[in-house]
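Participant: Requesting a structural model of the entry that follows:
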Amino acid sequence: MPELPETETIARDLDGAIRGRKITKVSVRKADVLRGVTARALAKSLRNATIVRSWRRAKLVVLDLDTGDRLVVQPRFTGALLIDDGGFTGPELSYSTLRLELDDGRSLHYADVRRLGTVALMNAKRFDEYSRMLGIEPLDRAFTAKHLSAVLRATSQPVKKVLMEQRKIAGIGNIYANEALWRARIDPSRPAASVSLEEAKLLRASIVGVLEAAIEARGTSFRDYRDARGKRGSFVEKLEAYGRGGLPCRRCGHKLVSTHAIDGRATTLCVTCQR
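Facilitator: Residues are numbered from 1 along each chain as shown. Have a look, this model is predicted:
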């Protein structure tokens, strides 16, 4: 589930908490989350490495190391990066797949209930190749209404599906695609090419607005998402569309409709407001 706001929150938390810390020991408990590296090779590469920076690309959390490598984590549906300073007393770490012990006595865990997320170790060249396959960041200045309009005009696929295509626009998932389209009053099933430049301006503003608001609320927690301290995000309280099927539209009062017909994912919209 973690999308751009959730991974941005995690990355910022990690950068503030463990930047400059040295990894003293590596324990891989479930190697099936690893990609492109064995447990032994990962442990050897990470031991005694210093964490230079933590940041986000798309839905990835990236740890830059002083070795030149990058630890790249894609949490997917149930993954979490948790900083343990001895305060976790419940089941938070029961599903830890990877543990990095730090030189100040704390540990960084990658926990994942369903183990659908991935952990990869990439050198700079490999990461750049991977990053180039991803689309524009919607919070970058280059993500203008004209750029969005060009992306949409190039395809007749449903506009919601285009917003979630990571090779075109990076970081937007199902929750925030629903929310942005509700804010912009655009039917998620509309052919993307039918969206006018004026509508693209409103959609671009809606995308940026909802992402920034969700980051400020530290993400959306339904069941699994937790920040690096194990806390829940509060944006769920501000959702206008996602998860509200059957409830009144907060704009016009008509009942919101939920469907899986557009892209196989849960889509909620107001058939009165969104055209």
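
Participant: how is this protein carved up into domains?
Facilitator: Partitioning the chain according to automatic domain parsing yields domains covering residues 4-132, 145-269.

Participant: For those domains, give me a markdown table that also has mean neighbour count, distance to Leu139 and mean pLDDT.
Facilitator: Yep, even glycine has a C-beta here, placed from its N, CA and C like the rest. As requested, the domains of the chain are exported to a markdown table (neighbours: other C-beta atoms under 10 Å; distance: least, C-beta to C-beta, whole Å; pLDDT from 0 to 100):
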| stretch | mean neighbour count | distance to Leu139 | mean pLDDT |
| --- | --- | --- | --- |
| domain 4-132 | 18 | 8 | 96 |
| domain 145-269 | 18 | 6 | 96 |
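
Participant: Nearest to Pro138, out of those?
Facilitator: Set against Pro138 and scored by C-beta to C-beta, the domains of the chain come closest in domain 145-269, at 5.3 Å.

Participant: hmm, back to that, dump the domains of the chain to TSV, plus distance to Pro138.
Facilitator: Formatted as TSV, the domains of the chain follow (distance: least, C-beta to C-beta, whole Å):
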stretch	distance to Pro138
domain 4-132	7
domain 145-269	5
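
Participant: who's in contact with the residue nearest to Ala200 when sequence neighbours are not counted?
Facilitator: Among residues not flanking Ala200 along the chain, Ser149 sits closest, at 3.9 Å (C-beta to C-beta, 6 or more residues apart in numbering). Contacts for Ser149 were tallied using C-beta atoms under 8 Å, 6 or more residues apart in numbering; they are Val195, Ser196, Leu197, Ala200.

Participant: mind checking the SS state of Ser149?
Facilitator: Recorded secondary structure, Ser149: helix (DSSP: H, G, I helix; E, B strand; the rest coil).

Participant: now swap in Val236 and tell me
Facilitator: With three-state DSSP as the basis, Val236 sits in helix.

Participant: Ramachandran coordinates for the nearest residue to it once chain neighbours are set aside?
Facilitator: Leaving aside its sequence neighbours, Val236 sits nearest to Thr220 (C-beta to C-beta, 6+ apart; 5.0 Å). Dihedral angles phi and psi of Thr220 (degrees, to the nearest 10) take the values phi -120, psi 120.

Participant: bridging residues for Thr220?
Facilitator: Ser234 (DSSP bridges).

Participant: name the helices or strands packed onto the longest helix seen in the chain?
Facilitator: What stands out as the longest helix in the chain, according to DSSP state H, is helix 197-216. Packing partners of helix 197-216 (3 or more C-beta pairs under 8 Å, 6 or more residues apart in numbering; DSSP states H and E): helix 4-18, helix 145-153, helix 174-184.

Participant: Quick one: those as a markdown table, columns for distance to Met164 too.
Facilitator: Shown next, in a markdown table, are the helices and strands packed on helix 197-216 (distance: least, C-beta to C-beta, whole Å):
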| stretch | distance to Met164 |
| --- | --- |
| helix 4-18 | 11 |
| helix 145-153 | 12 |
| helix 174-184 | 5 |
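
Participant: Which of those helices sits closest to Ser96?
Facilitator: Nearest of those (C-beta to C-beta): helix 4-18, 15.5 Å.

Participant: Quick check: neighbours of the helix or strand following the closest one in the sheet, parallel or antiparallel?
Facilitator: Sequence order places strand 23-28 as the next helix or strand after helix 4-18, per DSSP states H and E. Note on strand 23-28: by DSSP bridges, its sheet partners are strand 96-102 (antiparallel).

Participant: can you list the residues that contact the partner strand?
Facilitator: With C-beta under 8 Å, 6+ apart, strand 96-102 has contacts from 18, 21-30, 33, 46, 82, 107-112, 115, 119.

Participant: Same question for stretch 45-55.
Facilitator: Taking C-beta under 8 Å, 6+ apart as the rule, stretch 45-55 contacts 11-12, 14-15, 18-26, 37, 61-67, 69, 71, 100, 121.
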